[in-house]
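sequence plus the predicted model coming up.
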Amino acid sequence: MPKFLSKRWHGQHMVWTFALLGALTIVLFLYEWVLGVAALLASGLVLYFSWKAESAFRHDLNAYLGTITHRVKKSAGDVISELPIGMILYNEEKEIEWHNPFVAKLAKKDSVIGDSLEDVLPSWKPGKEKEKEETYEVEQDGQVYKIWHRAEERLLYIRDVTDYVRLVQKHDEEKIAIGIVLMDNLDEVTQGMDDQTRSIMLARVTGEITEWAHRYGVYLRRTASDRFLILMNQKALRELEQNRFDILDEVRDLTMEYKLPLTVSVGIASGIEELEELGRVAQTSLDMSLGRGGDQVTVKAGQRISFYGGRTNAVEKRTRVRARVISHALRDLIKESDKIIIMGHRFPDMDSIGAAIGLLKAVQISNKEGYIVLEGINPSIEKLMAMIEEDEKLNRWFITPAQAMQITTQRTLAVVLDTHRASMVAEPKLFNLTHRVMVVDHHRRSEEFFHDAVLVYMEPYASSTCELVTELLQYFNEKMSLDALEATVLLAGIVVDTKQFSLRTGSRTFEAASFLRRNGADPTLIQKMLKEDLQAYIEKAEIMRHTEMMYDHIALAVGEQNHKYSQLMIAQVADTLLNMTGVFASFVICERPDGLTGISARSLGAMNVQIVMERMGGGGHLTNAATQLELTPREAAAKLKQILQEIEEEEGLFE
């Protein structure tokens, strides 16, 4: 027991002793005054010595507490001086009033008292000091510091977290990424080649891919004649993205001497811990690259998805095997369904309506109940819809979205045409009632997609959805025959999307058109459907009058403020501008009747307008794309110019 505690315990017992002596003295005075006097003297002596003892106790206690305080202050000072954490007190003028030695080491000076915070921590940019405590991470002189800022006390705590940050960076860089490389048009390129020429070409391409993998530290393993598996870490993946996957251009340039250059597509997945899931996402990424036309790379890193390449048109498949397989699968799906709901995108165009009518024919031949959902009428199909209304046999199968919701069951097959985005169809809520979905589309695949569709027929090389549906009809039934109006509408969809067979037209496009002509398609009737009035022509000329040229070969036209134009007119102006001398690409921006700003983009192939529109929230093809924005036309034009500048700085606008 400490000395001062033992004395304190003794003093407490003395109080009881004095009380007993006092009581005894009083008793003795009552019986014998001599003994009372003696007892009083004895009590005085005891009181004196007790007071001395108490004084000594208090002196020892104060001395002990003083020693403890000194030791605590000394220890606190040593701790503050030796702590691996910096401390700064500053005044209202942001000048340092006090700091510990850690800050002096950080500033490489003996003292920074009186210096401004900006001089000592130039990389730190404090907030508005509204929060009681804010945390920042800054880098200075190659070191990383974490700063805790307590604005109320004007106090900073600084900690060196360089080792932790470097460890986290190393961990992130070493995370694995899986990719699949595919020669996406090998069959088309090598068709007609002899074995020797084919082997030489494959050896050259394989050598180029192998050298590329070695250059970036990527593990490459061939899994088939046209397929490779690649493994890499995040550091290598970042380098590949910075160089925008130059293997695409290298392989294309290497095989440019052939009639049709070979292209490769790549799908890469990263940011996922489970290897099985990583491999599945890599295959999905490859499917997305192929669905967008090939000759490009899709990188899925966590929630981020990036596209690279895609500067060439999709190669037309010479074989119709896939069309035959899809047609037979569609026939089986229709037979297994109680009814079929056919939907295109909202405000459908000629291609969407034509494909829907063609597919309705397949449903009727199968003796099933089918309906076409119509939401809003695009001005471009007003003449067509007037003809359909006169045809009672066809018109009765058009229903509204509300009617479609009432008749849909779990066994209903929903066929989505001319789009693969659920948000763009006539009635997205329909997919809550049935999960039996088929997609037929000719657009390049985007991030939004029906991943659980039971059947998908997406061919970006095709001119139109009407071309794809026409091919499906040819294999659907040997006795397939179309009415004149049905064949005409299908042909009209092809004519509109190919701009009178001048764009995105392949041999299979003409074969589909030939089949439709044999079934009674009337070109004269198509011309009547597509006629425009004089006032519309004058409005288009007014939009074109405000055209400006950018980058020497890009035409940009912006419609008048507060003047509304139909989407058809916006697209027609973009097509017309593309016919002007020296114009490689055209963009037309106008306000639509629904209040949104529509942008139509067109190209002759030297520029990928799909990439531009995707960055603005839209999509489409390499030569034909569009988007809608909740901005004014002037704001949309400013945003478009900024994106064009970014693409020009990254990889160039033209090939």
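Received the coordinates, thanks.

dump the residue contacts of the nearest residue to R154 once chain neighbours are set aside.
Among residues not flanking R154 along the chain, Y90 sits closest, at 5.2 Å (Cβ to Cβ, 6 or more residues apart in numbering). Bear in mind the C-beta positions are built from the backbone N, C-alpha and C, glycine included. Applying Cβ atoms under 8 Å, 6 or more residues apart in numbering to Y90 gives the contacts 96-97, 117, 154, 156.

ditto for L384
Applying Cβ under 8 Å, 6+ apart, the residues contacting L384 are 350, 353, 489, 492, 529.

roughly how far apart are it and S352?
Using Cβ to Cβ, to the nearest Å, L384 is found at 11 Å from S352.

ok, back up a step: if you rank the contacts of Y90 by neighbours, which is first?
L156 (24 neighbours; other Cβ atoms under 10 Å).

what secondary structure does that one sit in?
The local conformation at L156, judged by DSSP: H, G, I helix; E, B strand; the rest coil, is strand.

quick one: contacts for the residue nearest to it when sequence neighbours are not counted?
Of all residues not flanking L156 in the chain, I88 sits nearest, at 4.2 Å (Cβ to Cβ, 6+ apart). By Cβ under 8 Å, 6+ apart, I88 lies in contact with 96, 98-99, 103, 117, 120, 155-156, 158.

what number of residues lie near R396?
9.

same deal with Y48?
Applying other Cβ under 10 Å, we find 10 residues neighbouring Y48.

in the stretch 151-300 of the chain, which spans are helices?
For the stretch 151-300 of the chain, the helices defined by DSSP state H, counting those that start in this stretch cover 162-173, 186-190, 195-215, 234-242, 247-254, 275-291.

buried set for the first one?
Across helix 162-173, burial judged by 16 or more other Cβ atoms under 10 Å covers V165.

so which residues make contact with that helix?
For helix 162-173, contacts defined as Cβ under 8 Å, 6+ apart pick out 137, 142-145, 233-235.

closest one of these to N367?
Q234 (56.3 Å; Cβ to Cβ).

show me the contacts for the closest one.
With Cβ under 8 Å, 6+ apart, Q234 has these contacts: 172-175, 177, 270.

give the buried residues for whatever helix or strand E648 lives in.
In the assignment (DSSP states H and E), E648 maps to helix 633-650. Buried residues in helix 633-650, counting neighbours by 16+ other Cβ under 10 Å, are found at 633, 636-637, 639-640, 644, 647.

quick one, domains of this structure?
Listed domain ranges for the chain are 3-80, 85-166, 182-309, 321-529, 535-650 (source: automatic domain parsing).

any chance of those domains in TSV, with mean pLDDT too?
Below are the domains of the chain laid out as TSV (pLDDT from 0 to 100):
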stretch	mean pLDDT
domain 3-80	62
domain 85-166	80
domain 182-309	88
domain 321-529	88
domain 535-650	89
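
mind listing what's buried along stretch 367-377?
Those would be 368, 370-375, for stretch 367-377 by 16+ other Cβ under 10 Å.

could you find the closest non-adjacent residue to D522?
T488 is the one closest to D522 (Cβ to Cβ, 6+ apart), at 4.9 Å.

ok, now which ones touch that neighbour?
516, 520-522, 525-526.

repeat that for 6 Å
Taking Cβ atoms under 6 Å, 6 or more residues apart in numbering as the criterion, T488 is in contact with 521-522, 525.

swap in R221?
L229.

could you redo the last one with a cut-off of 10 Å?
213, 227-231 (Cβ atoms under 10 Å, 6 or more residues apart in numbering).

helices along the stretch 501-650 of the chain, start to end?
507-518, 523-529, 534-544, 567-578, 609-615, 633-650.

between helix 567-578 and the third one, find me the angle.
With axes from the mean of the first three to the mean of the last three Cα atoms, to 10 degrees as the criterion, the two stretches helix 534-544 and helix 567-578 enclose an angle of 60 degrees.

over to the longest one?
Regarding helix 633-650 and helix 567-578, their directions subtend 40 degrees when assessed with the same axes, to 10 degrees.

quick one on the thing from earlier: now tabulate the helices of the stretch 151-300 of the chain in a markdown table and tack on distance to L413.
Shown next, in a markdown table, are the helices of the stretch 151-300 of the chain (distance: least, Cβ to Cβ, whole Å):
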| stretch | distance to L413 |
| --- | --- |
| helix 162-173 | 45 |
| helix 186-190 | 31 |
| helix 195-215 | 42 |
| helix 234-242 | 40 |
| helix 247-254 | 38 |
| helix 275-291 | 22 |
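
and these: which comes nearest T298?
helix 275-291 (4.2 Å).

what about V609, neighbour count?
27.

who are the contact partners of it?
With contacts defined as Cβ under 10 Å, 6+ apart, V609 is in contact with 554, 574, 585-587, 599-603, 618, 620-626, 653.

go again with 6 Å.
V609 touches 585, 601, 603, 625, counting by Cβ under 6 Å, 6+ apart.

can you pull out the strands in the stretch 251-400 of the chain?
Using DSSP state E, counting those that start in this stretch, the strands of the stretch 251-400 of the chain run over 264-270, 296-301, 304-309, 339-343, 369-373, 398-399.

pull up the pairing partners for the shortest one, direction included.
So the one you mean is strand 398-399. Applying DSSP bridges, strand 398-399 is found paired with strand 369-373 (parallel).
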